[in-house]
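In: sequence and predicted structure are below.
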Amino acid sequence: MYSLLANSMSGDESVRRPAEAALAQSESRPGFCSCLMEVIASKDLVSHVDVRLMASVYFKNSINRYWKSRRNSSGISNEEKIHLRQKLLSHLREENYKIAEMLAVLISKIARFDYPKEWPDLFSVLAQQLHSADVLASHRIFMILFRTLKELSTKRLTADQRNFAEISSQLFDFCWHLWQTDVQTILRGFSTMAQSYGSNNAEQHHDELFLTCERWFLCLKIVRQLIISGFQSDAKSIQEIKPVKEVSPVLLNAAQSFLPYYSSFHNRDPKFWEFVKKACVKLMKVLAVIQSRHPYSFGDKCVLPVVVDFCLNKITDPEQASLPFEEFLFKYKPSLTGRVMNENGVTFEERKKNASNTVSGIVSSLLPNERIVLLCNILVRRYFVLTASDLEEWYQNPESFHHEQDMIQWSEKLRPCAEALYMVLFENYSQLLGPIVVSILQEIKDDTKREVYCSLIKLLQDNDLAVKLAASRSLCLHVEDANFSEQSFRDLLPICWESCFILVEEVQEFDSKVQVLNLISVLIGHVSEVIPYAQKLIQFFQKVWEESSGESLLQIQLLVALRNFVIALGYQSPICYSILLPILQKGIDINSPDALNLLEDSMALWETTLSYAPMMVPQLLACFPYMVEIIERSFDHLQEFLNMHASSVAKILDLIVGNVNDKGLLSILPVIDILVQCFPVEVPPLINSCLQKLVIICLSGGDDRDPAKTAVKASSAAILARILVMNTTYLAQLTSEPSLSLLLQQAGVTIEDNVLICLTDIWLDKVDHASPMQKKTFGLALSIILTLRMPQVLDKLDQILSTCTSVILGGDKDLTEDESSGEMSSGRSQGEEAPPSKELRKSQIKVSDPVYQMSLENSMRENLQTCSTLHGDAFNSAISRMHPSELAQVKQALKLP
């Protein structure tokens, strides 16, 4: 094994290739991972870091592929798994940092599969080792804890989240106590270092202190993970999270204690100087994350006042203007930003309203009018001011400078962060700050909104391109604003259109042209009086389209703007057919040089044109032959067409599925799902061949490291689960057809069990990757599996019950959120009745979905009784093997005695 690993890194291809092939052939053999573990842990190979690292990489890949027993792979035996888990926990004191990091990853990957069922003592063993560990060993254990907790926190099933909550309750006190102890140790060490500079003993104990610093940093991330993932957000539960009150003030105090050492270590000890910088930023970042997750607990009188007061003082203190590292400044601004934003919302629940009112009172006491005014002045006069380097960059390239400001995330740089805080303040205290801001700008007006519009239109005609582009961006935001006053803007429209047309001609960069086109598109979408300007817009679109020949990305933006134009014109859209139809025909012509880039947006424009056409004119009918060529040549852009022509879907789906990439499949599968939902008896027999291909997709491997393939498999499995729920007899027939067995054999898919049992494994495996509605569909399908008179059902009984229980306990909330996430858009009133929106039709289909209306709880209760009757004593035996906590959850979910 050592020789193969060493040769696999050889620069000589004749040596490397055979070694890689031999390792690939050995991956699935029993003992492969155990051999790798021996190489990693061998004392004789300590100096061979590269080989040990390569062994750990192969080990990680093997966990991903073979740890979880799969239908088409024997996987790693239980005996070898036990050996590997014990071996990993016996090799905690790894001196090499990179290998220690990989070992932590290995343990976290295994824990995702095995904790708590197969590895219940993982955390107790680690905690026990911590009590007797030295600094190095404890650092490595905390590295493992952090990686493992991070991995487990990503599991979304209700049972997994409850397991994590239990872990939090077990580990929090110990980790928090050690973190506090390490803070004191580090501060004492820093004090000694600061006093001993220049002495001969300055370097003594520095390595151990730095390791303590790193352990403290890991511990901080663990505490953060336990608080964030170990408790449900108090924004949902309105339950006080005690660790938030305990931890937050101490974190703030630590940041305050570390700050003075930033200047002490500067130019003296780069390693500790960098640590202080990183630690202060991380502490403020953790406070911001805790506040975002648990806003009401963070709003307690012992937390919020001290944090906000600290932030305000740092922002307004003149000395902070020269603080050496701005990252610290813009990490604590989000804390204040988020708090001010969250407190003015009034909820319907009484407890939430009371909590919100309490916190609002605290914020009001911290932000009296004079402090708000001071903060606003400082933000504008100190943090908004461009630096010399900013001005130089602006002068050199105005367009690039403007777009760079636009692309920066507000939380990444100091000035954008200050701008975000200013916006939040202005939204909440506009009456107070309006006159202040106006006085700063030296413009005192009565009608602020009207004057803002006028000012922006004036700036849109400025001589400086950067100013013009900034004005166009700001104007776009104002027009999109919910409080946009069309009445105040109406007489400005002519000059606004004209200025936009001129600006498109002046700018050179692609981003600039797109920005101006976006403003035009937004204006079209938000003003009702588009028809009076239709001819000028038609001429503009014609000219820009001709001039953008060969610039497909710009033409895409034009297609989007044209689509909005058609919607705005409504049933009067034929007035633009003279330019629209030639552009449309070019976009859907797959023989066009730009077909690859323009086809998808052209299809969307085509659909909109048809939706708003008052009658079917010959020019539109003439477009249909292009669809035949599109179907023959490309399948990635058919979703819109398929939604419109459902009667044709059954004839072409078999051609599409199996001949498109994953993106194409993800576009088509929702259409199949809707067809099956609406016509569960009629459709499945019509698309039998297509459904057989979905079975093959589900039972084929290859999705372990490919999110797109995982999504395809989950969606395909959900369609088959839906058919089992809504047309049980048909799916039983489909899975037993000899033609399906032949197709599976031709695809190289080997199955040992009944196809339906194999699909059961997929439903259990992919539930983590499913949407809330798909999870419920999986749950209903699994409940039907319980009614099969097959012994394999009992082998999977605990998994089925655990999965369905998690779906039931978390399902109602998920489905409600899923339903509410789809907004219904209202049609534009143009004097005629607007056609029903696509979103409305989708919403109607969703609400009428039988799966949505069914009760998984009732189905599970009834089918569990059927399973008990069918299997008798064997059923009782299977139930008795379940973990008591899991059984208790089942009884809770199904309301069983």
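Out: Great, that's in hand.
In: so residue 585: helix, strand or coil?
Out: helix (DSSP: H, G, I helix; E, B strand; the rest coil).
In: excluding its backbone neighbours, what's nearest it?
Out: Residue nearest to residue 585 in three dimensions, not counting chain neighbours: residue 623, with 6.4 Å by C-beta to C-beta, 6 or more residues apart in numbering. For glycine as for every other residue, the C-beta is placed from the backbone atoms N, C-alpha and C.
In: what is the burial count for that neighbour?
Out: 16 (other C-beta atoms under 10 Å).
In: same check, this time on residue 725
Out: Residue 725: 22 neighbours (other C-beta under 10 Å).
In: with residue 575 instead?
Out: Neighbour number of residue 575 under other C-beta under 10 Å is 12.
In: can I assume it sits in a helix?
Out: Yes: assessed with three-state DSSP, residue 575 lies in a helix.
In: ok, for it, nearest residue in space, not its chain neighbours?
Out: Closest residue in space to residue 575, ignoring its immediate chain neighbours: residue 534 at 6.0 Å, by C-beta to C-beta, 6+ apart.
In: what's the strand or helix carrying that neighbour packed up against?
Out: Here residue 534 sits within helix 534-547, counting by DSSP states H and E. Applying 3 or more C-beta pairs under 8 Å, 6 or more residues apart in numbering; DSSP states H and E, we find helix 534-547 packed against helix 493-506, helix 510-526, helix 552-569, helix 577-587.
In: sort out which residues of the third one are buried, please.
Out: When neighbours are counted by 16 or more other C-beta atoms under 10 Å, the buried residues of helix 552-569 are found to be 552, 554-569.
In: repeat that for the first one.
Out: By neighbour count with 16+ other C-beta under 10 Å, helix 493-506 contains the buried residues 493, 496-497, 499-501, 503-504.
In: just want the angle from that helix to helix 534-547.
Out: With axes from the mean of the first three to the mean of the last three C-alpha atoms, to 10 degrees defining the directions, helix 493-506 sits at 10 degrees from helix 534-547.
In: now helix 493-506: average pLDDT?
Out: Mean pLDDT, computed over helix 493-506, is 88.
In: hmm, who's touching that helix?
Out: Helix 493-506 is contacted from outside by 457, 460-461, 465, 468-469, 472, 475, 489, 513, 516-517, 519-520, 523, 527, 529, 533, 536-537, 540, 544, using C-beta atoms under 8 Å, 6 or more residues apart in numbering.
In: starting at the chain centroid, how far to that helix?
Out: 38 Å (C-alpha atoms, centre = their mean, to the nearest Å).
In: tell me the angle that helix makes with helix 510-526.
Out: Using the same axes, to 10 degrees, helix 493-506 lies at 160 degrees relative to helix 510-526.
In: change the start of the numbering to 8 and stick with it
Out: Sure, I'll start counting at 8 from here, so that last one is helix 500-513.
In: returning to that earlier point: check whether the residue nearest to residue 592 really touches residue 591, as I assumed.
Out: Yes: using C-beta atoms under 8 Å, residue 630 makes contact with residue 591 at a distance of 6.7 Å.
In: low pLDDT regions in the chain?
Out: Within the chain, the ranges that satisfy pLDDT under 70 run 77-81, 204-212, 325-359, 362, 409-419, 447-455, 602, 635-658, 709-712, 818-852.
In: in it, which residue is closest to the centre?
Out: The geometric centre of the chain, computed from its C-alpha atoms, lies nearest to residue 161 (C-alpha atoms, centre = their mean), at 11.4 Å.
In: separation between that residue and residue 225?
Out: 18 Å (C-beta to C-beta, to the nearest Å).
In: first vs last residue of stretch 747-761, how far apart are they?
Out: 12 Å (C-alpha to C-alpha, to the nearest Å).
In: and residue 531, how many neighbours does it have?
Out: 21.
In: is it true that it touches residue 575?
Out: Yes: here residue 531 reaches residue 575: they are 5.0 Å apart, a contact under C-beta under 8 Å.
In: list residues touching both of those two?
Out: Common neighbours of residue 531 and residue 575 are listed as residue 537 (criterion: C-beta under 8 Å, 6+ apart).
In: what's near enough to touch the residue nearest to residue 27 when sequence neighbours are not counted?
Out: Using C-beta to C-beta, 6+ apart and skipping residues adjacent in sequence, the residue nearest residue 27 is residue 15, 5.2 Å away. Going by C-beta under 8 Å, 6+ apart, residue 15 touches 23, 26-27, 30, 61.
In: so residue 213 versus residue 278, what's the distance?
Out: From residue 213 to residue 278 the distance is 8 Å (C-beta to C-beta).
In: neighbour count winner among the two?
Out: Shown here are residue 213 and residue 278; by other C-beta under 10 Å, residue 213 has more neighbours (14 against 11).
In: now the buried residues of helix 500-513 as a markdown table including distance to residue 420?
Out: Formatted as a markdown table, these follow (distance: C-beta to C-beta, whole Å):
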| residue | distance to residue 420 |
| --- | --- |
| 500 | 35 |
| 503 | 31 |
| 504 | 34 |
| 506 | 30 |
| 507 | 29 |
| 508 | 34 |
| 510 | 27 |
| 511 | 29 |
